[in-house]
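Trainee: Provided below for reference: sequence and predicted model.
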Amino acid sequence: STWGVSSMLREILLALALGACLAAAQQFKAGTGIYDVTGPASEIPFMGYAFPNQTGHGIHFRLYSRAFVFEDVTGNRVVYIQNDICMGFLGIKMKVIDTLKTMYGDLYDHHNVILGGTHTHSGPGALSWFLLYDISMLGMNQKHFDAVVHGIVMAIAMAHNNVAVTAGPIYLMQDLLLNASANRSPSSYLANSQAERDQYVQWGGDTDKNMTVLHIRNASGPVGALSFFAVHGTSMHNSNRLVSGDNKGAAAALFESYMNGNDTLIGRGPFVAAFGQSNEGDVTPNTQGAWCYGRVGGTYCNDNRSLCGGKNEYCFSVGPAGFEDDFGSCKIIAEKQYFKARQLFESAPTAGKEIQGKIKTAFKWVNMSNITVSAKFTSTGETGHTCRPAVGDSFAAGTTDGPGAFNFYQGDNCSTCLPFWNFIKNFLKKPTKEQIACQLPKPILLDVGEIEPHPWVPSVLPLQISQIGSFVIIAVPAEFTTMAGRRLRNTVQAVFNSHGQDVTVVISGLTNGYTQYVATYEEYQYQRYEAGSTLYGPHTLSAYQQEFAMLAEALATDTPVDPGQPGQNISYVNFDLQPGVIQDTTPAGFKFGDVAADIVKPIFHPGETVNVSFWGATLRNDFLTGSSFLTVDRSAGSTWSTYRDDGNWETKLYWARVNKTMSYITTSWEIPSWTPAGTYRLTLRGYAKPSPLSSKLEEYTGASKPFGVN
């Protein structure tokens, strides 16, 4: 079975592999941790597509924070955390660091903690301190923010406590993963020179198809897998209303189920697998391309403007399972990442490279809006300068993964073509002549760095490079396009090579902060979505290359780095206009947790789906962090044990609002082929707010009739 496990065979193969290649030195201690960061699963808009109507209506599978702590022989540590959230916002990172300091003193700080996001577009939003990323969600939700911070800290604490007493080897393996990604802005990619593009034909062409996997062990065996592969978390389109970790969250769950055993609930096993992001800025998982109305074989619309009948709103990218089957497409892309990562993981001890060396980090706060860029790094061969942050008209057009509205379109570099929106933008903040000239050819839609009284996006950003022996992670607070990421990687690689150091360099995208996209100078001239969202002007990439080259030089030569002054903490200006929960009610004659529609037959078979509906309450009252709204219980005589919960792929929880205060909740279980025969039931648990005059919550539970699986 695709989702099954063969743990005995796996361990035998790994033992033979390790016996065949005894490690020369076991230099790193490692610990792993995982914790729930799901947040509100109903009524709060999702983050990613900026589509206000995409509010939560239940859970496909829960979201998790996955943490790895590494320690070298000198006691130096670095922490890598990959979270099933859209991006690693700056405010989250700052609050996590503040909390870690109260727990561990100076052991963990900004310089040695890397906090990233898988970039799922199907998780609840309202997490940023900056208005541009919260405005479609009507502000920041403090309860959700606190839950995510808590989950990340708990994952790190677990990894901290699990750091092995005895060191073990870390192996690195790389290979191409094909047919799991495509470029969603191919016309922009073609703006880069033919000579440069020719260098990457065998490495994936217009997307980076290279996957990097770390095989992490201690004295007792494998404890974790950490992979990097560039692909957006947009298998689920903006029509999806169920919380989901998308393709990377699903891939992680697959790997963990394989290693921990199929009977182990997600988030409960000792082995942790994380699927990190990379330079995915122009990379989609929707591999069939973009078509008008999502009809493959009809009118292709993945050209520079991506229009259908003159409208941007009707051009959609299509996943491998078709436009109407996001779940199928998500599963396909998840399985491709999982199977490749597992293949590399299992072959790494014999065919991979053992990482050797020390742990080192270089960190600096940099004002990206005010950098003079040396001609050495610019595409023009002349000195350049970054700009105050601004977004262009094509930012509002969205992408073929999730088109925008109001007839904006990609590839727009006309500054006078949208007079109404020009009036709106000038009302908020009219760009200066200097700003217009700096951002050219971008037609400025919103001058987000200068809007008073507080900027809508950050300018002072955390830049970080962390080195685990011969493995180097560039932590970037943005989404780099394919070619932009290649240039940055090559810049850093060249610095280490100049000092005779052979290292493998990866980019960890959407990390430690978020400032949208980074396109190359050449791509910027075409002003598709990624370029219109490149905040700091045409020399943004060159500025990153220059700053990261300096950090790489400091690492390679063991030179201390002045971290500079931190970015502004503007948490005090946050607001939340989302209406709170006033009251939960049920129909007359029903209590919270009562079954509204029970099982339809007494016996089910693998491949069939069991659905049971209950009268419940909004999922916002209590997120049930570390627990579950839904369980699939298996009978063990006179008792029941949880066999599956809402962290598993094969379950779904559908929430629907009825008559403004009632909640109709359907629990669903698609029975896998490997399910043991037995007696089962579906249950629901939650908290209701029965009184509009009190904030007191009331716990409720419900259960279906027992049914057999044959």
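Mentor: Sure, I can see it.
Trainee: what sits against residue 255?
Mentor: Each residue near residue 255 by Cβ atoms under 8 Å, 6 or more residues apart in numbering is listed here: 225, 273, 338, 341, 342. The way it works is simple: take the backbone N, C-alpha and C, and place the C-beta from them, glycine included.
Trainee: and it, that one's in a helix?
Mentor: Yes: applying DSSP: H, G, I helix; E, B strand; the rest coil, one finds residue 255 inside a helix.
Trainee: Where does residue 252 sit, in terms of helix or strand?
Mentor: Element membership for residue 252, per DSSP states H and E: helix 246-260.
Trainee: on that earlier part again, please pick the buried ones from the contacts of residue 255.
Mentor: Neighbour counting by 16 or more other Cβ atoms under 10 Å classes 225, 273, 338, 341, 342 among the contacts of residue 255 as buried.
Trainee: With adjacent residues omitted, what lies nearest to residue 234?
Mentor: Using Cβ to Cβ, 6 or more residues apart in numbering and skipping the chain neighbours, the partner closest in space to residue 234 is residue 401 (4.1 Å).
Trainee: Tell me, how many residues neighbour that neighbour?
Mentor: 24 (other Cβ atoms under 10 Å).
Trainee: Let me know the closest of the contacts of residue 255 to residue 597.
Mentor: Among the contacts of residue 255, residue 338 lies closest to residue 597 (Cβ to Cβ), at 34.7 Å.
Trainee: gap between the host helix or strand of the closest one and the chain center?
Mentor: Assigned by DSSP H and E, residue 338 falls within helix 326-351. The chain centre lies 17 Å from the centre of helix 326-351; the measure is Cα atoms, centre = their mean, to the nearest Å.
Trainee: got the buried residues for it?
Mentor: In helix 326-351, counting by 16+ other Cβ under 10 Å, buried: 326-327, 329-342, 344-349.
Trainee: With distance to residue 262 and pLDDT as added columns, please give the buried ones among the contacts of residue 255 in CSV.
Mentor: Shown next, in CSV, are these (distance: Cβ to Cβ, whole Å; pLDDT from 0 to 100):
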residue, distance to residue 262, pLDDT
225, 17, 98
273, 15, 98
338, 14, 98
341, 18, 98
342, 15, 98
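Trainee: Got the phi and psi for residue 435?
Mentor: phi -70, psi -40 (degrees, to the nearest 10).
Trainee: contacting residues around it?
Mentor: So residue 435 contacts 387, 388, 390, 444, 447, 450 (Cβ under 8 Å, 6+ apart).
Trainee: Would you mind measuring from it to residue 390?
Mentor: Plainly put, residue 435 is 7 Å away from residue 390 if you go by Cβ to Cβ, to the nearest Å.
Trainee: list the residues that contact both of these two?
Mentor: Common contacts of residue 435 and residue 390 (Cβ under 8 Å, 6+ apart): 444, 447.
Trainee: Quick one: the buried ones among the contacts of residue 255 as a markdown table, columns for distance to residue 110 too.
Mentor: Output for those, formatted as a markdown table (distance: Cβ to Cβ, whole Å):
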| residue | distance to residue 110 |
| --- | --- |
| 225 | 26 |
| 273 | 26 |
| 338 | 32 |
| 341 | 29 |
| 342 | 33 |
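Trainee: Next, give me the two most distant ones among the residues you listed.
Mentor: Within those, two members stand farthest from each other by Cβ to Cβ: 225 and 338, at 10.0 Å.
Trainee: remind me which residues of the chain are low pLDDT?
Mentor: 1-26, 405-407, 409, 412-427 (pLDDT under 70).
Trainee: again, 80 this time
Mentor: For the chain, the stretches flagged by pLDDT under 80 are 1-26, 405-409, 411-429, 568, 572-573.
Trainee: Over to residue 492: give its phi and psi.
Mentor: Residue torsions, per degrees, to the nearest 10, at residue 492 are phi -70, psi -40.
Trainee: got the contact list for it?
Mentor: Residue 492 makes contacts with 465, 472, 474, 505, 548, 549, 552, as judged by Cβ under 8 Å, 6+ apart.
Trainee: Taking the centroid of the chain, which residue is nearest it?
Mentor: Using Cα atoms, centre = their mean, the residue of the chain that lies closest to the mean C-alpha position is residue 118, 1.7 Å off.
Trainee: Just give me the neighbour total for the nearest residue in space to it that is not next to it in sequence.
Mentor: Nearest non-adjacent residue to residue 118, counting by Cβ to Cβ, 6+ apart: residue 248, 4.1 Å away. Each residue near residue 248 was counted by other Cβ under 10 Å, and the total is 30.
Trainee: Settle this for me: residue 248 is touching residue 234, isn't it.
Mentor: No: contact criterion Cβ atoms under 8 Å: residue 248 and residue 234 do not qualify, at 10.9 Å.
Trainee: thinking again about what came up before, dump the residue contacts of the residue nearest to residue 234.
Mentor: By Cβ under 8 Å, 6+ apart, the neighbours of residue 401 are 49, 121, 184, 232, 234, 237, 284, 286, 317.
Trainee: And those residues, which is closest to residue 509?
Mentor: For the contacts of residue 401, the nearest to residue 509 is residue 232 (10.2 Å; Cβ to Cβ).
Trainee: tell me the contacts of that closest one?
Mentor: 119, 121, 184, 280, 283, 284, 285, 401.
Trainee: doesn't residue 35 make contact with residue 62?
Mentor: No: shown here, residue 62 and residue 35 do not form a contact pair, counting by Cβ under 8 Å, at 10.4 Å.
Trainee: The two - which one has more neighbours?
Mentor: Between residue 62 and residue 35, residue 62 has the larger neighbour count (other Cβ under 10 Å), namely 31 against 22.
Trainee: secondary structure class for the more buried one?
Mentor: coil.
Trainee: Strands along the stretch 101-250 of the chain, start to end?
Mentor: Taking DSSP state E, counting those that start in this stretch as the criterion, the stretch 101-250 of the chain carries its strands at 113-117, 123-124, 170-176, 182-183, 210-218, 221-228.
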